[in-house]
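Undergrad: here is a sequence together with a model predicted from it:
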Amino acid sequence: MFPQRLDAPQAYAIAQALMHGFNQHYRMFSAESARAKQRFETMDWQGQQRAQRERIEFYDLQVSECMRRLDRELEASQQSMAVWQQVKLHYIGLMVDHLQPELAETFFNSVTTKILHRTHFHNDFIFVRAAVSTEYLENNAPGAEPIYRAYYPGALAQLPDSLNQLIAQLALQCPFADLQRDIGWLAARISERLKGLTLRPNFQIQVLSSLFFRNKGAYLVGKIITGYTEVAFSVPIIHSADGKLVLHAALFGEDDLHGLFSFARAYFMVHMDVPSAYVRFLHSLMPRKPCAEIYNALGLAKQGKTLFYRDFLHHLRHSSDQLRIAPGIKGLVMLVFDLPSFPYVFKLIKDHIASSKDVTRAQVKAKYQLVKRHDRGGRMADTMEYSLVAFPRSRFSEELLAELQAQAPSQIEISDRDGDGQMELIISHLYIERRLVPLNLFLQECLAEADSKPERRAVMERAVIEYGNAIKELVATNIFPGDMLWKNFGVTRGGKVVFYDYDEIEYLTDCNFRAVPPPRDEMDEMSGEVWYSVGPRDVFPETFGPFLLGHPAVREVFMRHHADLLEPAFWQQYQDRIRTGQMPDVFPYEPSRFLNEQEAWPVFQSPRLAPRVGEAVGADF
């Protein structure tokens, strides 16, 4: 219950210190995001990737600094619960007219849950629900940019004029190779997309004011409106071989935007005074994508975690199915469970990792951090990491509870935390990922039905081709998956294959790819033992086949499209390119979206990268 009076002077001082800590964090976050434009203009690709990695660390560093200040100056951890109730009320007052109140709430939670004992993690002391509305929030300061700009062509014939105005307002400080040519192509694509629609008096193009930067690309994001029809679109801008800018592609519709904002891609850098307004605009383009994932895509992962957990609690209140052991082959390192009605999986590291896995808990956590900071290239699922996650005990199946008690007893606690008779199971450390169909199960189903349903053979072929594409695109981002078994990859709703088991990944450049030496004599040839020395980072690609290609139909497709993955030379040539500083163009859209239909593939691409069934393959920046 909230206090009747705000009479503790230290409460307001603590609230001010908390808000100062958040404001300092967002200034750093915003400044680094704004500098992405200059790095793009100067083609500082290594700097762009470095900034993307370093920005992820800003939040935790500022939380730690704020905690130290609170304890050093205000003895915050020694304050009574009555004082902390007042701190929260003062903090709510400080969020009135704030431009990032939802982020400020999350920052408050991050700090206070580290200071207070976890028995107090309830609504009186943290923000379980949002206290301040962000609806229609705008920056009304003099000279502030609007969230989005609107352009009114009037007719398709006037599209080039509006597009010229739009590009000019981006204020990019480097020349285009041939802007009028590109605008002509873009106007033609838009006209084609609007074919058959009647242009209404409200015909307009709305574009978010800031560009979205990721690695070597900049993205214009907006929507086209006519009548009640809204068409999401994005225009990637890249540098050509001579360093000049080109409008590279035209993406239309929710599916294209989902690919661009995929959970398997690196986070964007976007300068935003009012992030909630950007999220609201983006959600209007992708209504099927949860706002939590949109915040993640913008680099605001802590806010994404907050919204995800609220969504999960809401789902628990309105569902009745039980948490279960996730379908598929059980892992040797991770225990995985899910809720059938909820599209995510929950993963925790086992207390006792199988002896066949030469890895420790600390090393596994480091691998997951590597993935979080690295360019995922559209092929590694993003993860959300949580501590002290409380679930209703009644929602666990008996089989799952027994598995948790057997495999991870040190990480679970069952208690009546709030003293209301409702037992909870608290997990000390947890990873959460989007649920995918395990590739091994997907292939088994396809092969079982291939004789009676010939179309399932084509689906199987696409999945095998996609598997090889996934490995090649990971290689292009300097990642060696390590354990390449089918069970460690999953299939998305759109048929894309994504890697999700990270306990054995390594940087490609840290591995030593070798050919298997020829046997020295007949005894070597007949022996079931390895007759040659093997270093800790040695990899023998030709030995992959027996583990991956047992089924003849799978082997035939794989060898037709991806036989080079079984050759050391494939891996070695990528190591050489990466070590010399070459950075691949990996596009998050297919060549069919290129504005210049005659454009050749980039020089640095995956050798023999096989097309997906019914489409061509691009790579992601």
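TA: Yes, it's here. Numbers count the residues shown, from 1 in each chain.
Undergrad: low-confidence stretches in this structure?
TA: Low-confidence segments of the chain (pLDDT under 70): 1-4, 117-124, 417-420, 524-528, 599-621.
Undergrad: let's go with 50 and repeat that
TA: 1, 119-120, 601-621 (pLDDT under 50).
Undergrad: following the helix ranked longest in it, which helix or strand comes up?
TA: Criterion DSSP state H: the longest helix present in the chain is helix 9-41. Counting by DSSP states H and E, the next helix or strand C-terminal to helix 9-41 is helix 45-74.
Undergrad: by contact count, what packs against that next one?
TA: When contacts are defined as 3 or more Cβ pairs under 8 Å, 6 or more residues apart in numbering; DSSP states H and E, helix 45-74 sits against helix 9-41, helix 101-115, helix 301-317, helix 361-373. To be clear about C-beta, it is placed using only N, CA and C from the backbone, and glycine gets the same treatment.
Undergrad: what does the following helix or strand past it contact?
TA: Next in sequence after helix 45-74, counting helices and strands by DSSP H and E, comes helix 81-95. By Cβ atoms under 8 Å, 6 or more residues apart in numbering, the residues outside helix 81-95 that reach it are 2-3, 6-8, 10-12, 14-16, 18-19, 79, 101, 104-105, 108, 112, 116, 120, 124-127, 131-132.
Undergrad: and for stretch 389-408, what's in contact with it?
TA: Taking Cβ under 8 Å, 6+ apart as the rule, stretch 389-408 contacts 316, 322-325, 335, 337, 339, 348-352, 411-412, 414, 417, 422-427, 430.
Undergrad: typo on my end, stretch 153-163
TA: 151-152, 180, 183-184, 186-187, 190-191, 194, 199, 203-205.
Undergrad: comparing the helices and strands packed on helix 45-74, which comes out most buried?
TA: Neighbour counts (mean count of other Cβ atoms under 10 Å) averaged over each of the helices and strands packed on helix 45-74 peak at helix 101-115, with a mean of 22.
Undergrad: same for that helix, what does it pack against?
TA: Secondary elements touching helix 101-115 (3+ Cβ pairs under 8 Å, 6+ apart): helix 9-41, helix 45-74, helix 81-95, helix 275-285, helix 301-317.
Undergrad: ok, residue 292 to residue 414 distance?
TA: 28 Å (Cβ to Cβ, to the nearest Å).
Undergrad: between these two, point out the one with more neighbours.
TA: residue 292 (22 against 14; other Cβ atoms under 10 Å).
Undergrad: now, the contacts of stretch 389-408 that are in strands?
TA: Among the contacts of stretch 389-408, the members falling in strands (DSSP state E) are 324-325, 335, 337, 348-349, 412, 414, 424-427, 430.
Undergrad: one step back: tell me which other helices or strands the longest helix of the chain touches.
TA: Short answer (3+ Cβ pairs under 8 Å, 6+ apart): helix 9-41 packs on helix 45-74, helix 81-95, helix 101-115, strand 212-214.
Undergrad: how does it look with 6 Å?
TA: helix 45-74, helix 81-95, helix 101-115 (3 or more Cβ pairs under 6 Å, 6 or more residues apart in numbering; DSSP states H and E).
Undergrad: distance between it and the chain's centre?
TA: 23 Å (Cα atoms, centre = their mean, to the nearest Å).
Undergrad: so how far is residue 598 from residue 167?
TA: When residue 167 is compared with residue 598 (using Cβ to Cβ), they lie 22 Å apart.
Undergrad: with adjacent residues omitted, what lies nearest to residue 254?
TA: Distances taken as Cβ to Cβ, 6 or more residues apart in numbering put residue 286 closest to residue 254, at 5.4 Å, once the chain neighbours are dropped.
Undergrad: was I right to think residue 457 contacts residue 448?
TA: No: at 11.4 Å, residue 457 does not count as touching residue 448 under the criterion of Cβ atoms under 6 Å.
Undergrad: deepest in the core, which of the helices and strands packed on helix 9-41 is it.
TA: helix 101-115 (a mean of 22).
Undergrad: would you mark the buried spots in the following helix or strand past it?
TA: Remark: after helix 101-115, the chain's next helix or strand is strand 148-151, criterion DSSP H and E. Across strand 148-151, burial judged by 16 or more other Cβ atoms under 10 Å covers 148, 151.
Undergrad: just the CA trace of the following helix or strand past strand 148-151, in PDB.
TA: Later in the chain than strand 148-151, the nearest helix or strand by DSSP H and E is helix 159-168. Output of helix 159-168 as PDB, limited to C-alpha atoms (Å, rounded to 0.1, in the frame of the first residue of the first chain):
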ATOM      1  CA  LEU A 159       6.200  10.800 -57.200                       C
ATOM      2  CA  PRO A 160       9.800  11.700 -58.300                       C
ATOM      3  CA  ASP A 161       9.400  15.300 -57.000                       C
ATOM      4  CA  SER A 162       8.300  14.000 -53.500                       C
ATOM      5  CA  LEU A 163      11.000  11.400 -53.500                       C
ATOM      6  CA  ASN A 164      13.600  14.100 -54.300                       C
ATOM      7  CA  GLN A 165      12.300  16.200 -51.400                       C
ATOM      8  CA  LEU A 166      12.400  13.200 -49.100                       C
ATOM      9  CA  ILE A 167      16.000  12.200 -49.900                       C
ATOM     10  CA  ALA A 168      17.100  15.800 -49.600                       C
END
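Undergrad: distance between helix 159-168 and the chain's centre?
TA: For helix 159-168, the distance to the chain centre is 32 Å (Cα atoms, centre = their mean).
Undergrad: and residue 343, how far from residue 439?
TA: 17 Å.
Undergrad: what about those two, which has more around it?
TA: Ranked by neighbour count (other Cβ under 10 Å), residue 343 and residue 439 place residue 439 first, with 25 against 13.
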